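1. Requesting a structural model of the entry that follows:
(chains A, B and C)
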Amino acid sequence: MKRTLPLAVCLIMGVLMMVQFFVPHPVSLQFNSTILNWVIVLSAFALVLAIGNLMVYHGNRIRRRQPGWIYSIVTLVSMTLMAGIGLVWGVDPDSLFQKIFLHVLTPLGATMFALLAYYMASAAYRSFRARSLEATLLLLAAFVVMIGFMPFGQYLGRWFPAFAEWIMLVPNMASKRGIQFGVAFGAIATALKIILGIERSWLGGKE
Amino acid sequence: MSPNPWIWIAAFLTLGIFSFLFKDNPVYRFSEHLFVGVANGYYIALYWHNTLRPNLVEPLAQGQFIYFVPLLLGLMYFAKFIPKISWLVRIPIGFVIGWGAGISIPANFQARILRQIEGTVVTPSSFANPWQGIWAAVIFIGVVATVIYFYFSREHKGILKPVSRLGIIFIMIGFGASFGYTIMARVSLLIGRFQFLLGPWLGLIK
Amino acid sequence: MKWFEKLTRIDRRVIYVLLTAFVILPFFIPFKIPENVMPQTRRLFDFIESIPARDKAVIISFDYSPSTQPECHPMAIALLRHCFKKRIPVIGISYEPQGPGLAVDALTLVSREMNIDAASRSDSVIYGQDYVYLGWKSGRVAAMLEMGESIARVYPVDYFQNPIDSLPLMRKVRNYKEIAIAIIVAAATYPDEWVMYPQARYGVKVAAGLTAVMAPEYYPFLQTGQFSGMLSGMKGAAEYEKLILEHGYTDKPGRAETGMNSQSIIHLLIIIFIVIGNVGYFFTRRNKGLQ
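-> Alright, predicted model coming up:
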């Protein structure tokens, strides 16, 4: 029952939605519309799990006075304040919520990813070696694209940007399409395994 | 320099994160934890105003009692925190996963397989422009070679060996192109941060 | 330590300092190199050019977060400038949770810019009439699909809690039949889902503004025509800014275009780093071979 019922729900939903795609009858369309609205609402509840886990993790850190527990207070207090500000005062363009988003969340998020430029440059210098034909091809393709798509690439020869564009449109496109076929077939196989209950990792737990 | 205190807060937090380049330090740790907290608080307000209130609470208040079904399913998510009934969380998860798996099958076939095969097949009309025709043939060979490279159910012997070798060449060129673009992307993010520090904060550039 | 071994052991802090210096330098020594516009950027521009004024609307999906703001935000702003100037109605939505904050910022910036320059109310860009922002919705694919039947069922209110029926634009635009194109400015695989679901089922035209990391993956969609155009990274944004500047849709240069100088220098710098590393590697290997 603890595993059978969820698997049955998964099977029924999967089969119904596959069949619905091919049935344009008004009853089928109405059913589809109802289910879509339910999924929109259900997906919002998934946040509960994420926030709950966050609170449990940081709460435990504070309770047990683990190293860095002070920072967990920062996390929980800032989360509560931001949620309260948004829920009470709204999200208009001139609201405090929007100001905090633009001047706290935005610089933090943007800078975290900006650090990657430094790590990428350092890693490229340290480990990018033309050890084999394949690695050399990879390097050369990267150089052509990096130079060809920059404005000054055209000064190396009018053919240079066109060559870079050709690399994107022909060999790159061919390889990405081949990979995409693999991904698409894999996704279909996985979806079928989930619907038929062969793939059960989403159930979690032992019972 | 900007007189706006919000810009100064943004600049302080930016430099706090950049300080990690030297080493881990309390300012960085504070900024990192602040980011996690503010982001999650933002999501709570967003989910309430954009989905839960307009798509659940208000329809229920207007008497659309069919919405008790997604409400009940959604409340089952809370069961995760009660060990005795934690298995109930599998029901809404199964509902959403089954739904997603069901709709993805025809969608994948249509958009990522059939249309892509359509774009790969070489026909006489491809050669209306000779060079386009040649490149269309090269693309066809590249796609087939790439797919064969990833076919691991048989050993790459005989005809499979040179074809998969050709496939790896196409793949490496594709990855090189991706790497070039990745560098472009990461550098753009760094440029954006310096545009902010030098512009709105320090006022050194327009 | 021999010279070629030193080449492989440059301190990472030297790399960080050089990178920082060469990002900052072009801001103070500006130079102008004409941007070459890629065909996929021009395709999107031409498509929007072909949309008649005050006819079908354009959906712009703001699906990027602050972490990809330097690439995607200039694209969104350039697209908004183009649409507003051409009097093409715009419907803004987001499926990326951190998208709304940036969407509101872009819409507010461009609409205020247009209205400062407006000579009269008929030149102005009015919320509810010329553009709306519907906000974020969970259950992304479900929302995309349901919009094909009724946008109002997915968004009973807009982001600012206005009832959807109170917005004149949304009384005209009911579902994808009244949409000319959906442009997804994204930093994740949302464009895939637009092609797989709304386009496959309802035939809606799709274009994308992508981060440079993602762009190479989407050339297959460009080739089959599933994408009606594509902007790739900061370069794509700079190209679009150039196009709208050339065609008189704005007189303000964009941020992406000013960043391209730094971009060019840094690309050369990274190539030099990689070459130095490889020279050191090859000479080290040769030396070991000789020994």
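2. any low-confidence regions in chain C?
-> Filtered on pLDDT under 70, chain C yields the residue ranges C:1, C:291.
3. Tell me the residue of it that sits nearest chain B?
-> Using CB to the nearest CB, the closest approach of chain C to chain B is made by residue C:70 at 2.6 Å. Backbone N, C-alpha and C define where each C-beta goes, glycine included.
4. from memory that residue sits against residue A:110, does it?
-> Yes. Using CB atoms under 8 Å, residue C:70 makes contact with residue A:110 at a distance of 7.2 Å.
5. Of those two, which one has the most company?
-> residue C:70 (29 against 25; other CB atoms under 10 Å in any protein chain shown).
6. need the contact list for residue 109.
-> Since no chain was named, I'll use chain A. Counting by CB atoms under 8 Å, 6 or more residues apart in numbering or on different chains, residue A:109 makes contact with B:35, B:39, C:65, C:66, C:67, C:98.
7. I was thinking of chain B, sorry if that wasn't clear
-> Contacts of residue B:109 (CB under 8 Å, 6+ apart): A:184, A:188.
8. how near is it to residue A:22?
-> Using CB to CB, to the nearest Å, one gets 12 Å for the distance from residue B:109 to residue A:22.
9. and what of residue C:37?
-> 42 Å.
10. How about residue B:55?
-> Distance from residue B:55 to residue A:22, by CB to CB: 28 Å.
11. Over to residue C:180?
-> With CB to CB as the criterion, residue C:180 and residue A:22 are 28 Å apart.
12. now the contacts of residue A:109 as TSV including secondary structure, neighbour count and distance to chain A?
-> TSV is the format used below for those (DSSP: H, G, I helix; E, B strand; the rest coil; neighbours: other CB atoms under 10 Å in any protein chain shown; distance: CB to the nearest CB, whole Å):
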residue	secondary structure	neighbour count	distance to chain A
B:35	helix	24	4
B:39	helix	22	6
C:65	coil	23	6
C:66	helix	26	4
C:67	helix	22	4
C:98	coil	26	7
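13. Nearest to residue C:146 among these?
-> residue C:98 (22.7 Å; CB to CB).
14. quick one, phi psi at the residue nearest to that closest one when sequence neighbours are not counted?
-> Spatially, and ignoring its direct neighbours in sequence, residue C:98 is nearest to residue C:65 (3.8 Å; CB to CB, 6 or more residues apart in numbering or on different chains). Dihedral pair for residue C:65: phi -120, psi 180, per degrees, to the nearest 10.
15. Repeat that for residue C:184.
-> phi -100, psi 110.
16. do residue A:157 as well
-> phi 150, psi 140.
17. And for residue C:31?
-> In terms of degrees, to the nearest 10, the main-chain angles of residue C:31 are phi -140, psi 150.
18. Please apply the same query to the one 4 residues further on.
-> Here is the backbone geometry of residue C:35 (degrees, to the nearest 10): phi -80, psi 130.
19. ok, it - contacts?
-> With CB under 8 Å, 6+ apart, residue C:35 has these contacts: A:151, C:235, C:238, C:239, C:242, C:257, C:260.
20. Repeat that for residue B:147.
-> A:178, A:181, A:182, B:167.
21. Would you mind giving those as JSON lines with pLDDT, secondary structure and distance to chain C added?
-> Listed next are the contacts of residue B:147 as JSON lines, based on pLDDT from 0 to 100; DSSP: H, G, I helix; E, B strand; the rest coil; distance: CB to the nearest CB, whole Å:
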{"residue": "A:178", "pLDDT": "94", "secondary structure": "helix", "distance to chain C": "9"}
{"residue": "A:181", "pLDDT": "93", "secondary structure": "helix", "distance to chain C": "10"}
{"residue": "A:182", "pLDDT": "92", "secondary structure": "helix", "distance to chain C": "13"}
{"residue": "B:167", "pLDDT": "93", "secondary structure": "helix", "distance to chain C": "16"}
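22. Of those residues, keep whichever come out buried.
-> A:178, A:181, B:167 (16 or more other CB atoms under 10 Å in any protein chain shown).
23. Would you check that the last one makes contact with residue A:182?
-> Which is residue B:167. No. Here residue B:167 does not reach residue A:182: they are 11.4 Å apart, not a contact under CB under 8 Å.
24. Confirm residue C:180 sits in a strand?
-> Yes. Residue C:180 forms part of a strand when assessed by DSSP: H, G, I helix; E, B strand; the rest coil.
25. Contact partners for the closest residue to it other than its chain neighbours?
-> Residue nearest to residue C:180 in three dimensions, not counting chain neighbours: residue C:56, with 3.8 Å by CB to CB, 6+ apart. By CB under 8 Å, 6+ apart, the contact set of residue C:56 is C:89, C:178, C:179, C:180.
26. need the contact list for the first one.
-> Pointing back at residue C:89 there. Here residue C:89 is in contact with C:54, C:56, C:57, C:58, C:83, C:130, C:131, C:169, C:172, C:173 (criterion: CB under 8 Å, 6+ apart).
27. now check whatever helix or strand residue B:102 lives in, is it near chain A?
-> Using DSSP states H and E, residue B:102 sits in helix B:90-107. Yes. Judged by CB under 8 Å from any CB of the partner chain, helix B:90-107 comes into contact with chain A at B:90-107.
28. For residue C:61, identify the helix or strand it belongs to.
-> strand C:57-63.
29. which of residue C:180 and residue A:22 has more neighbours?
-> residue C:180 (21 against 8).
30. is it true that that one touches residue C:54?
-> No. In terms of CB under 8 Å, residue C:180 does not count as a neighbour of residue C:54; the distance is 11.7 Å.
31. overlap in contacts of those two?
-> Here residue C:180 and residue C:54 have residue C:88 as joint contacts, going by CB under 8 Å, 6+ apart.
32. check contacts around residue B:86.
-> For residue B:86, the contact set (CB under 8 Å, 6+ apart) comprises A:205, B:79, B:80.
33. tell me the SS of the last one?
-> To tie it back to what came earlier, the one meant is residue B:80. helix.
34. how about the nearest residue to it, chain neighbours excluded?
-> residue B:89 (4.4 Å).
35. just the residues of helix B:90-107 next to chain A that are near chain C?
-> B:99, B:100, B:103, B:104, B:106, B:107.
36. Can you give me the domain boundaries for chain C?
-> What automatic domain parsing lists as the domains of chain C is C:3-28+C:266-290, C:39-253.
37. between those, which gets nearest to residue B:9?
-> That would be domain C:39-253 among the domains of chain C, by CB to CB, at 14.4 Å.
38. related to what we said a few turns ago, joint contacts of residue C:70 and residue A:110?
-> B:189, B:192, B:193.
39. For the last one, give its distance to chain A.
-> This means residue B:193. Distance from residue B:193 to chain A, counting by CB to the nearest CB, to the nearest Å: 4 Å.
40. Equivalent analysis for the first one, please.
-> The spacing between residue B:189 and chain A, counted by CB to the nearest CB, is 4 Å.
41. Look up the closest residue to that residue, ignoring the ones flanking it.
-> residue A:114 (4.5 Å).
42. pretty sure the one you found contacts residue B:190?
-> Yes. Assessed by CB under 8 Å, residue A:114 is found in contact with residue B:190 at 4.6 Å.
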